[in-house]
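Chemist: Have a look; sequence and predicted model below, questions after that.
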Amino acid sequence: MLRVLQRGAMEKLKDWQLKQRQSLPLEAKIQLTRQRIIDFYEYFDGEVYISFSGGKDSTVLLDIARKIYPDVTAVFCDTWLEYPEVREHVKKYKKVVILKPEISMREIIKKYGWNFPSKDVAECIYYARRGSSWAINKLKGKNKDGSESDFKQRYKKWEYLLEAPFTISAKCCKVMKEDPILKYEKRTGQKPIMALMAEESDRRKQAYLRTGCNAFEIDRPNSKPMGFWTEQDVLQYCRINNISLPSIYGQITEKEEPGQIKGQMCLMTFERQLTTTGEQRTGCMFCPVGCHLEKVNKYERLKETHPQIYDYVMKSYNDDGLGLGGALDWLKIKH
């Protein structure tokens, strides 16, 4: 019992420490991030690389890292699922190693299906359909042993996905991105420095709380020197340092306050939040993760900005498309 209490107190302390770091001014965060990069780089004698997706977070990380180590390698996994604008952005940088997956997205869809609504839930659906008790219990709001769990009640609303007429799993990211990267690490011995932030998801927050920024002694050593940053920090850094981003993001601008007329001066004294006029996140351009949460979802925007790609993604698999349209129709998600 004492150990349980001590563990709970330690978890609360780590959570409090994270919140304190997240509330630091940007300049302090930059200095801490620089030091984390230096510590990791020196520990592994420079045998490290920057995990570069071409998005705004990893672009900021690469900018900070190369101000310290101009020749540090960046690694980009070109899955052909990235926005064309992102792939063009990556080409502007020198010393970037480009990796490619061994199988196509069509093969992935045929074998593993779609990742919806999150990696966590998709993984549950995949294994529950194969009879795994832990996954079945999780979707019923229970622990592995079948006891009720207050925390896992949130999974119950996704149990209906077991009846979906298409395959659901989180395997696409592993096969398309993680496997090529792990092979690169095994071949080179280099360790990754990644632009992952705790605020992005509960899974990333828990990973940060377990190891902090630098994980030196785990099976796959890695650095997350921006773990305590927020999206606002990233946008602010880009604005202050005039960082060029893929055009799919649009412009960085201040959010309008509720009730404010567009173009009207705001006299509020607190710091205004920043946003982008285009995509908020890039990643895989037709990944369904989180699309149910968007007011105007990525597919409606994709139809306007990249109509040929949209048609290919939505067209049925038997018609040489990816068949996402049918899946979204069943899920009642507009596209």
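Modeler: All right, it came through fine.
Chemist: ok, now which ones touch the residue nearest to L235 when sequence neighbours are not counted?
Modeler: With sequence-adjacent residues excluded and distances taken as C-beta to C-beta, 6 or more residues apart in numbering, L235 is closest to L274, at 4.0 Å. For every residue, glycine as well, the C-beta is placed using N, CA and C. Under the criterion of C-beta atoms under 8 Å, 6 or more residues apart in numbering, the contact list for L274 reads Q232, L235, Q236, R239, I252, T253, E254, K255.
Chemist: Based on its surroundings, how many neighbours for Y41?
Modeler: Residues near Y41, counting by other C-beta atoms under 10 Å, number 19.
Chemist: do the one 10 residues further on as well
Modeler: Counted with other C-beta under 10 Å, residues neighbouring S51 total 21.
Chemist: Please report phi then psi for it.
Modeler: Dihedral angles of S51 (phi, psi; degrees, to the nearest 10) stand at phi -80, psi 110.
Chemist: tell me which residues form a beta bridge with it?
Modeler: Taking DSSP bridges, one finds V75 as the beta-bridge partners of S51.
Chemist: Roughly how far does W80 sit from S201?
Modeler: 25 Å (C-beta to C-beta, to the nearest Å).
Chemist: what's the burial count for T230?
Modeler: Neighbours of T230 (other C-beta under 10 Å): 17.
Chemist: Nearest residue to it in space, please, no chain neighbours.
Modeler: Nearest non-adjacent residue to T230, counting by C-beta to C-beta, 6+ apart: E199, 5.3 Å away.
Chemist: How is the protein partitioned into domains?
Modeler: 2-92+193-240, 116-163, 286-335 (automatic domain parsing).
Chemist: As a markdown table, the ones you listed with distance to I181 and mean pLDDT would be great.
Modeler: Output for the domains of the chain, formatted as a markdown table (distance: least, C-beta to C-beta, whole Å; pLDDT from 0 to 100):
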| stretch | distance to I181 | mean pLDDT |
| --- | --- | --- |
| domain 2-92+193-240 | 6 | 92 |
| domain 116-163 | 16 | 93 |
| domain 286-335 | 17 | 90 |
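Chemist: Throw these into JSON lines and include distance to C172, thanks.
Modeler: Output for those, formatted as JSON lines (distance: least, C-beta to C-beta, whole Å):
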{"stretch": "domain 2-92+193-240", "distance to C172": "9"}
{"stretch": "domain 116-163", "distance to C172": "9"}
{"stretch": "domain 286-335", "distance to C172": "8"}
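Chemist: So which of those is nearest I98?
Modeler: domain 2-92+193-240 (5.2 Å; C-beta to C-beta).
Chemist: what's the neighbour count on I181?
Modeler: Neighbour tally, I181, other C-beta under 10 Å: 15.
Chemist: doesn't Q190 make contact with it?
Modeler: No: between I181 and Q190 there is no contact under C-beta atoms under 8 Å: 10.2 Å.
Chemist: all strands for the chain, in order.
Modeler: 48-51, 73-77, 96-99, 191-193, 214-215, 222-223, 252-254, 274-276 (DSSP state E).
Chemist: Out of the ones you listed, the one nearest H89 is which?
Modeler: Closest among these, using C-beta to C-beta: strand 73-77, at 9.9 Å.
Chemist: CA atoms of the closest one as CSV?
Modeler: C-alpha atoms of strand 73-77 as CSV (Å, rounded to 0.1, in the frame of the first residue of the first chain):
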residue,chain,number,x,y,z
THR,A,73,21.8,14.5,-40.1
ALA,A,74,18.1,14.8,-40.6
VAL,A,75,16.0,11.7,-41.6
PHE,A,76,12.8,12.0,-43.5
CYS,A,77,10.5,9.0,-44.2
